[in-house]
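1. A predicted structure for the sequence below; I have some questions about it.
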Amino acid sequence: MDNQNDFEPRILGFCCNWCSYAGADLAGVSRMQYRPNVRVIRVMCSGRIDPAFVIEGFLRRMDGVMVLGCHLGDCHYLTGNYEAINMINEARKLLEYSGINSGRLLLDWVSASEGARFSEVVTNFTEEIRALGPLGAAEGRDFSELEFKLRAAQATARGEKLRWVAAKQTEFMTEGNKYGEVFSRHELNRMLEGVIADEMAVNEILLLMKERPLSVKEMAAAIDLPPPRVLRYVSALRKKGLVDLQSLDGNSPRYAIRVEEEVQQ
Amino acid sequence: MSGKAVLIIGGSVTGAKLALEQARAGNKVYLVEKFPSLACERTAHNNGSAADQSLVSPMLEELKNNDNIQIITGAQVERVAESDGKFRVNIKQRPTRLIDERCDDCKACIAVCPVNLWDDADQQLALRTAIDSPCAGSGTYNIVKDDMPVCQAACPVNLDIRGYIGLIADGRFDEALALIRERLPFPGVIGRICPHPCEQKCNRGDQDKPLSIRVLKRFVADYELQEQGELKVPPKAAEREEKVAVVGAGPAGLTCAHDLALLGYGVVVFEASSVPGGMLALGIPDYRLPREILEKEIDVVRALGVEIKTDSPVGKGLSIDDLFSKGFKAVFVGVGAHQSQKLGIPGEDTKGVVHGVDFLRDLNLGREVWVGKNIGIIGGGNVAMDAARSSLRLGAKKVSILYRRTRQEMPASDDEIEAAEAEGIEIQYLVAPVEVLSGSGKVKGLKCNRMELGEPDASGRRRPVPIKGSEFDMELDMIIPAIGQATELSFLGENSGIEITKRGTLAADTETLATSRPGVFAGGDAVSGPAMAIEAVAAGKRAAASIDNYLRGE
């Protein structure tokens, strides 16, 4: 497969200001050789990487996204990289729900003195992505198909619901909730997955309805979910005033997004 | 008030109309509605409701403004009791968990609420969020927060099961054990012998099998012992002057002593037998509960500074009065139920009839125990199972358990019944003893009756009735009756000032466990009659908290 060999992955790299970016700088100043596939964006902390940034990278047809921060315990802001673990964990789940191999997202630690390590991490990750092939190839899907899912994932990541849960993770695991109940990582993961599954479905439904009014059956067929579940989401959306009954097509009601809400969206 | 007081349950259109009728007639009306807003408020006015029900708004207005109508929303009637034509009603109202004055009805909370659940107010047809307003018109917001997980509610000590299983799943075993120890001082013991009412309630059981809550507890307890070799002694509060005496070193007494010691009190436990542990040491065979586990966990109580005096019965030489005059400020009585109940049939005193509790006690104390070859056990509780399985281990050839009801009513835990059957013990249901047959002063057999189930009795189980002419004889050389235990209370003496119930147990307040004598508290089997060890632990905890309150003068 010549095509495969010619494939040069496009990789987006987020490096934290205090460690990894300085590490990258050191690699450059020391004239170390590494793959030219990565485009680096400097951020103040790896904890700044919102899952929505990662999704946006893939929407802009990156083949891999790499987040590098300080080693655990060395964070300039003390706990930023621990938060990064939570965020990237969440981003991985979103990618999986979108049908994207979560191996395309890397979180690793590189300190300011580890120029050699930086070049090694970049080279290894580039080779891994090269082996996976262009975005969609490893997933066996067309990009337009992935794009729809990614847009739903982006709306999910930007939405308030997921942020509420994600932001509470550390608090719930240490101090507990309002009622003093402390949760374990596996319980929170389960809750996070539940919210992601719900929100992905809701956002896919909203995306579909943006095109044109649809019946529950049509929506269910388009996003491959059982119609009763879609109806549940649609009735919840109606209750919240996001969706209206638009017309009756024989016996099937068609639903549409409420107009004034669309402006806000 | 001149009129009557009327209770109407259900705030539907019909309920609201009735309420108005009654109020107009001059009666005081209480309208109780299950959901946070009246059902008639939620009635959709555009989808084909009956003509006379379609105009509810003027009615609602009047309903809310009528001084004679008190609307109680989010509430359910729990109990109705009638006497002399008057009703006493207990109503439980759920809090809305919201400060109404601060809410400006923006609905932003509903949009972002991450918790989706079935909407009961909508017959579970749609989803609601944990925070929701079931009625758009009135803006009555509420947050649904269930009381406790079902397993935790089923546990007598309300162990945070959800929490510790979650921590085990995360691999945080030490924290899981610490969480268990907050409510239960003996995880290794209870993790082995508990009949686990929590698992019966586990929701996962509806799907396939309940989570193995009890064994997971045992696992973390064993893990600590294996990794560290010794058990962790929890930190104590500052020492306090007052001393407390505990009578009986069973699960109730030891838990009470443990909790009081943590609070800083000096505690002395008086135990009549030569070993501490109560029924855990004397009743439960060591194949179910290895003695070193029990001893290690009792050692933790000792390490907290509790003095356990064995071979020190309270009674003749040392009465409750003596304890008070020795300077103890409070006494906890947890003497258990160690006296076996008699069968009440002829020939019961024949040689070869050994009561289950006595048999197990002698065995557990390492005394010489005689065992027959062909044994009949009478009773269907865990003592019967323990006696049967123990006698098999001691060399009995054939062991049969006779129970007068069916497997369904059998009080022994399912695991125990299954284990007994797997070991080759025969269980005969619907059989009751009539007479012990003897020859040359020894047991020769047992005359029995076949039974059938009649009407339910006081315990709610169907009472067994003998079938006429169904008598038959069984050949046996040893009979172990295990039909229940009673509490031996003669040690209290005549003028103890402690009330005893008709059932022969100690009378104690259900909340505080205080007896009729100030400063004396009681709990465990001595109050409840024979029950689970975990219930005794719960009683010990409750008593320790009450004793603390009592000594602080609250």
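-> Sure, I can see it. Numbers count the residues shown, from 1 in each chain, chains lettered A, B, ... in the order given.

2. how about stretch A:125-144: buried residues?
-> A:125-126, A:129-130, A:132-136, A:138-139, A:141, A:143 (16 or more other Cβ atoms under 10 Å in any protein chain shown). Backbone N, C-alpha and C define where each C-beta goes, glycine included.

3. try stretch B:259-266
-> Buried residues in stretch B:259-266, counted by 16+ other Cβ under 10 Å: B:259-263, B:265-266.

4. before we move on, back to that, confidence-wise, which of the buried residues of stretch A:125-144 comes last?
-> Within the buried residues of stretch A:125-144, pLDDT reaches its minimum at residue A:138, with 84.

5. can I assume that residue is in contact with residue A:132?
-> Yes: using Cβ atoms under 8 Å, residue A:138 makes contact with residue A:132 at a distance of 4.2 Å.

6. Now for those two: what residues contact both?
-> residue A:101 (Cβ atoms under 8 Å, 6 or more residues apart in numbering or on different chains).

7. For the residue nearest to residue A:160 when sequence neighbours are not counted, give me its contacts.
-> Ranked by Cβ to Cβ, 6 or more residues apart in numbering or on different chains and with sequence neighbours excluded, the top spatial neighbour of residue A:160 is residue B:112, at 4.0 Å. By Cβ under 8 Å, 6+ apart, the contact set of residue B:112 is A:160-161, A:164.

8. Nearest spatial neighbour of the residue in the stretch 101-250 of chain A positioned nearest to chain B, chain-adjacent residues omitted?
-> With Cβ to the nearest Cβ as the measure, residue A:184 is the residue of the stretch 101-250 of chain A nearest to chain B, at 3.2 Å. Using Cβ to Cβ, 6+ apart and skipping residues adjacent in sequence, the residue nearest residue A:184 is residue B:166, 3.2 Å away.

9. Equivalent analysis for residue B:79, please.
-> Counting by Cβ to Cβ, 6+ apart, the residue nearest residue B:79 is residue B:90, at 4.3 Å.

10. Centroid-nearest residue for chain B?
-> The structure's chain B has its C-alpha centroid closest to residue B:156; by Cα atoms, centre = their mean the separation is 4.5 Å.

11. Next, count neighbours for residue 250.
-> Assuming you mean chain A. 6 (other Cβ atoms under 10 Å in any protein chain shown).

12. wait, chain B
-> Residues lying near residue B:250 (other Cβ under 10 Å) number 32.

13. if you look at the buried residues of stretch B:259-266, which of them are in helices?
-> Filtering those for membership in helices, criterion DSSP state H, returns B:259-262.

14. Assumed residue A:15 was part of a strand.
-> Yes: under DSSP: H, G, I helix; E, B strand; the rest coil, residue A:15 sits within a strand.

15. Report the contact partners of residue 195.
-> No chain in the question, so chain A it is. Contacts of residue A:195 by Cβ under 8 Å, 6+ apart are A:161-162, A:165, B:114.

16. I was thinking of chain B, sorry if that wasn't clear
-> Contact partners of residue B:195, counting by Cβ under 8 Å, 6+ apart, are B:382, B:413, B:532.

17. Please identify the residues of the stretch 151-265 of chain A in proximity to chain B?
-> A:160-162, A:164-165, A:179, A:181-187, A:191, A:194-195, A:198, A:232-233, A:235-236, A:239-241 (Cβ under 8 Å from any Cβ of the partner chain).

18. how about residue B:424, phi and psi?
-> phi 90, psi 20 (degrees, to the nearest 10).

19. so what's it closest to, chain neighbours aside?
-> Using Cβ to Cβ, 6+ apart, the nearest residue to residue B:424 is residue B:392, at 7.3 Å.

20. these two touch, right, that neighbour and residue B:399?
-> Yes: Residue B:392 is in contact with residue B:399 according to Cβ under 8 Å; the separation is 5.3 Å.

21. Where do the helices of chain A begin and end?
-> Under the criterion DSSP H, chain A contains helices at A:2-6, A:20-29, A:51-59, A:80-97, A:115-132, A:143-158, A:160-174, A:185-211, A:216-223, A:227-239, A:259-264.

22. most packed of those?
-> Across the helices of chain A, averaging neighbours per residue (mean count of other Cβ atoms under 10 Å in any protein chain shown) puts helix A:51-59 on top, at a mean of 23.

23. just checking, what packs against that helix?
-> Other elements packing on helix A:51-59 under the criterion 3 or more Cβ pairs under 8 Å, 6 or more residues apart in numbering or on different chains; DSSP states H and E are strand A:64-69, helix A:80-97, helix A:143-158.

24. so for that helix, what's the average pLDDT?
-> 96.

25. what does stretch A:151-170 give?
-> Mean predicted lDDT for stretch A:151-170 stands at 91.

26. mind exporting stretch A:58-69 as PDB, just the C-alpha atoms?
-> Only the C-alpha atoms of stretch A:58-69 are listed here, as PDB (Å, rounded to 0.1, in the frame of the first residue of the first chain):
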ATOM      1  CA  PHE A  58     -10.300  16.200  15.100                       C
ATOM      2  CA  LEU A  59     -13.100  18.200  13.400                       C
ATOM      3  CA  ARG A  60     -10.300  20.100  11.700                       C
ATOM      4  CA  ARG A  61      -9.000  16.800  10.400                       C
ATOM      5  CA  MET A  62      -6.100  16.200  12.700                       C
ATOM      6  CA  ASP A  63      -5.100  12.500  12.800                       C
ATOM      7  CA  GLY A  64      -3.900  12.700  16.400                       C
ATOM      8  CA  VAL A  65      -3.900  15.000  19.400                       C
ATOM      9  CA  MET A  66      -1.100  15.000  21.900                       C
ATOM     10  CA  VAL A  67      -1.300  16.800  25.300                       C
ATOM     11  CA  LEU A  68       1.900  17.100  27.300                       C
ATOM     12  CA  GLY A  69       2.300  18.500  30.800                       C
END
